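>>> Okay, predicted coordinates and the sequence, questions at the end:
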Amino acid sequence: MGRYVLRRVLQMVPVFIGSTFLIFFMVYALGDPVAALFGDKAPDPATAARIREDLYLDEPLWSQYVHYMGQVFSGDFGTAFNGQPVTELMAGAFPVTLRLTVVAVVFEMALGVTLGVLSGLRRGRGLDTSVLLLTLVVVSIPTFVSGTVLQYLFGVEWGLARPSVSPEAPFAQLLLPGVVLGLVSLAYTTRLTRTSVVENARADYVRTAVAKGLPRHRIVTRHLLRNSLIPVVTFLGTDIGALMGGAIVTERIFNIHGVGYQLYQGILRQNSPTVVGFVTILVIVFLVANLLVDLLYAVLDPRIRYA
Amino acid sequence: MSEPTTGTGLALGGPASHADAAAVGTGLSKKDTGPGKPRSLWGDAWYELRHRPLFWVSAVLLVLLLTIAAFPGLFTGADPRDGDLTNHFLTKPELTHFFQADWFGYDVQGRSIYARVIYGTRASIMVGVGVTVMVTLFGGLVGMLAGYFGGWVDAIVSRLVDIFFGLPFLLGSMVVLNAFTERKVYVVIAALAFLGWTTIARVMRSSVITAKQADYVTAARALGAGTTRILFRHVLPNALAPTIVVATISLGAYISAEATLSYLGLGLADPTISWGIDISAAKDAIRDNPHVMLFPAGMLSLTVFAFITLGDAVRDALDPKLR
C-alpha cells in the first residue's frame, strides 16, 4: 500500500510539472503581463524594465518557470497586480468553491446513483427510457443556460432562493448554484451507474445471492451496487477537478466570489500570478483526487489489492 | 463540456438496446443483406440504427440545421443585423406569424430574434464541425501511432495527454482566447482544438492496441504487408468505431463550449452572429422579456441535443455488449 502510493506520487510529478508549465507558457508567452498591468496607458519604460526584472520576465521562459516554482514551494505565490498576495485571494476563494463543489458532488452522487440503479434494474421499461431521454436533454443544455433559467425561476419568479450569493457564501445559499454546477455531471453519473448495474445484474454472484434467498434490498445495496460503483467513482475523481475549475460560469451567474470568479477576473485582466497560482492548486487537486479514487477501489472491491 | 466541462461524452453510458438476439436473427433474412450472408460491423450497426426513433429524430434535426447553416437566406428574409429601436424595442413574439421576422419577437436592439437565431446557426456548426475535424485528424493520428508502436512513442504521447487532461478545458481555452484581440471563427476553432485533441487520442490509442493484436494483423504481416498498409488497411478500419462515436458526441460539446465562451465574452465577438453572444446580451432583459433568451438558448440546446443523441445512438448500434 505505502509503496503503491509512493509510486503513484512519483508518477504524478512529471504530469504536475507538465500541466503547470503548459499554463505558465500560455499565460506568459501568449500575453504581455507588463502591458496588462498598465491597462490602456503606455508604461514608463524604466518602470516596465524594473517590473520585468522583478518578475524575471527578461529571462527565458523555462528559467522564469523555475524561479516561479521555487517561490511556490516556499509558499510564495506572488502578488496579484492590485498588490494583494495571491495566497490571500486563495484563502478567500478556495473554501467557497470547495463548499460549492461539495453541494454539487453530493447532489450528483445521491440523485445520479439512485436514478441509475432504478433505471438499470428496470432496463427497457418506461422509467428507464424516460430517465435516459432526460439525461440527454440535461447534457444538451449548457450550464450558462440552465443556470440563468433556474436563477430566474427560483430566485426571481418564485422567490425560493437568493439569486445572488452573499460574500460569506454559507451552504444554504449555495444549494441552487451547487445543483446548477452538478447538473451535467448528474446525467453522466446516472448513465454510468445504469450501464454498470445492467452489466452486473447478470453476474454470477447476483444469481447466487438470489438463490440463497437474500432479501432484494440487500442484494441491490450490498452486492449489486457496491460492484457497480467503480466506474462511477472513477468519473467522480476526474469530475472533482473539473467542477472546481469549471465553476467559472456558475460563480459568474450567481455572483459567488470563489475560484472561478478570481480566475475569470485574472484571465480578463491578464493577472498572470493569480491565474498561474490558482491553476497550480487546481492541478494538485485533480491529481490528488485521482489518487484517492484509485485507493478507494480497494475499499469498494476487496479483490483489488495494492501490494 | 462543460463544461461543458467538457468532459466530453466519453463517460456516457449506453442505453438499452431494444433489439434482442431474436430481432437480429430475423434481420439476417432481410433482402438487403441477402440470406445467409453475415453483415459487416457497419452493416450491422446500420440495421440497428434504422430501428431507433431517437436516431431518426436527431438525423432529421441535423439535416435541417445543416441546411440552415448553409443557406440561412432560405429561411428568413429579415436582416439579422438590422436593428429598429423605435418600432421594435423588445417586441413580444407573434407565435402565429410563422417564418416572419416578428415570429420570435425582437431583442434589446430591435433586431429580429428569428433572423438572428437562423443566422447564428452557421457560426455554431462551423465551430463544432471545424474543431471535430481537426481534433479527429490530429488526435486520431497521434493516438494511432502511440497505440501501434508502443514503447517510447506511447510513453511520450500518454504523458502529453495526461498533462493536457490536468488542465480544465474551459479554463485553458479562456486563457488561449484572451491572447487574441480579434476572435474570428477560425481562432476559436484553433483554440478549442489545441486543448481538445487529447480525448480522441486516448480513445484511438486504446482501440488500436486492441485491434493490432488481432490475428488478421499477424496474418497481414506474415504476408509481407508494410507498416503503412497494416495501419491504414487493417488496424484503422477496425479501430475507428469508438472514435467516431466520441467525435460525434464531442461535436455537441464543442458547440456548447463555443457558446459558453461567447457568453463569457471570450469567444466570438460582435460582427459574428452567435447564439452565445445573444444569450449573454439577453440575461439583463430576462425578467420581463424571457423570449429574448428562450429562442437562442432553445436553438442552441436543440443543436447540442441533436449531435449528442446521434452519437449516443451510433454507440449503441456499434456496441453489441448491451444487446
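The structure has been received and is ready for your questions.

>>> Remind me which helix or strand A:F94 belongs to.
helix A:86-121 (DSSP states H and E).

>>> What's the first helix or strand after that helix?
That would be, after helix A:86-121 and using DSSP H and E, helix A:126-140.

>>> helices or strands next to that following helix in the packing?
helix A:86-121, helix A:175-200, helix B:236-263, helix B:291-318 (3 or more Cβ pairs under 8 Å, 6 or more residues apart in numbering or on different chains; DSSP states H and E). The C-beta positions use only the backbone N, C-alpha and C, and glycine is treated the same way.

>>> which parts of the last one are buried?
Spelled out, it's helix B:291-318. Neighbour counts over helix B:291-318 (16 or more other Cβ atoms under 10 Å in any protein chain shown) mark B:291-297, B:299-301, B:303-318 as buried.

>>> So which of those reach chain A?
Checking the buried residues of helix B:291-318 against chain A by Cβ under 8 Å from any Cβ of the partner chain, the ones in range are B:M293, B:A297, B:L300, B:S301, B:V304, B:F305, B:I308, B:T309, B:D312.

>>> In this structure the first one contacts B:S280, no?
No - distance between B:M293 and B:S280: 9.5 Å, which falls outside the contact criterion (Cβ atoms under 8 Å).

>>> Quick check, pLDDT for the closest residue to A:S196 other than its chain neighbours.
Leaving aside its chain neighbours, A:S196 sits nearest to A:S228 (3.9 Å; criterion: Cβ to Cβ, 6 or more residues apart in numbering or on different chains). Predicted confidence (pLDDT) for A:S228: 87.

>>> Could you do B:P15 as well?
pLDDT at B:P15 comes out at 37.

>>> One more: B:L322?
52.

>>> repeat for B:H18
Per the predicted model, pLDDT is 37 at B:H18.

>>> Next: the one 4 residues further on.
B:A22 is assigned a predicted lDDT (pLDDT) of 37.

>>> cool, A:I267 as well?
88.

>>> Going along the chain, name the helices of chain A.
A:2-30, A:33-37, A:45-54, A:61-73, A:86-121, A:126-140, A:143-150, A:175-200, A:204-211, A:216-218, A:226-253, A:259-268, A:272-300 (DSSP state H).

>>> what comes into contact with stretch A:200-211?
Outside stretch A:200-211, the residues that touch it by Cβ atoms under 8 Å, 6 or more residues apart in numbering or on different chains are A:G120, A:L121, A:R123, A:R218, A:I219, A:H223, A:L224, A:N227, A:S228.

>>> rerun that using 7 Å as the cut-off
A:G120, A:L121, A:I219, A:H223, A:L224, A:N227, A:S228 (Cβ atoms under 7 Å, 6 or more residues apart in numbering or on different chains).

>>> How about stretch B:111-126?
By Cβ under 7 Å, 6+ apart, stretch B:111-126 touches B:65-66, B:68-69, B:72, B:75-76, B:78-83, B:101-107, B:185, B:255, B:258-259, B:268, B:272-275, B:278, B:292, B:295-296, B:299, B:303.

>>> how does it look with 6 Å?
When contacts are defined by Cβ atoms under 6 Å, 6 or more residues apart in numbering or on different chains, stretch B:111-126 is touched by residues B:68-69, B:72, B:75-76, B:78, B:80, B:83, B:101, B:103-105, B:107, B:185, B:255, B:268, B:272-275, B:278, B:295-296, B:299.

>>> What parts of chain A come near chain B?
Taking Cβ under 6 Å from any Cβ of the partner chain, the part of chain A that reaches chain B is made up of A:15, A:18-19, A:26, A:30-31, A:123-124, A:132, A:136, A:139-145, A:148, A:152, A:184, A:188, A:191-192, A:194-195, A:235, A:242, A:245-246, A:267, A:283, A:286.

>>> Ignoring the adjacent residues along the chain, who's closest to the residue of the stretch 201-307 of chain A found nearest chain B?
Closest residue of the stretch 201-307 of chain A to chain B, Cβ to the nearest Cβ: A:G245 (3.1 Å). Spatial nearest neighbour of A:G245, excluding adjacent residues (Cβ to Cβ, 6+ apart): B:P168 at 3.1 Å.

>>> Pull the contacting residues for the one you found.
A:A242, A:G245, A:G246.

>>> what's the closest of the residues you listed to B:A225?
Nearest to B:A225 among those: A:A242, at 42.3 Å, using Cβ to Cβ.

>>> Counting neighbours, what do you get for the closest one?
For A:A242, the neighbour count with other Cβ atoms under 10 Å in any protein chain shown is 28.

>>> ditto for the one 4 residues further on
Residues within reach of A:G246, counting by other Cβ under 10 Å, total 30.

>>> same deal with B:T248?
23.

>>> can I assume it is in contact with B:D312?
No - using Cβ atoms under 6 Å, B:T248 is not in contact with B:D312; the gap is 8.5 Å.

>>> Was I right to think the residue nearest to A:S196 contacts A:V197?
Yes - counting by Cβ under 6 Å, A:S228 touches A:V197, with 4.8 Å between them.

>>> ok, the closest residue to A:T193 other than its chain neighbours to A:F235 distance?
Nearest non-adjacent residue to A:T193, counting by Cβ to Cβ, 6+ apart: A:G116, 2.5 Å away. Distance from A:G116 to A:F235, counting by Cβ to Cβ, to the nearest Å: 11 Å.
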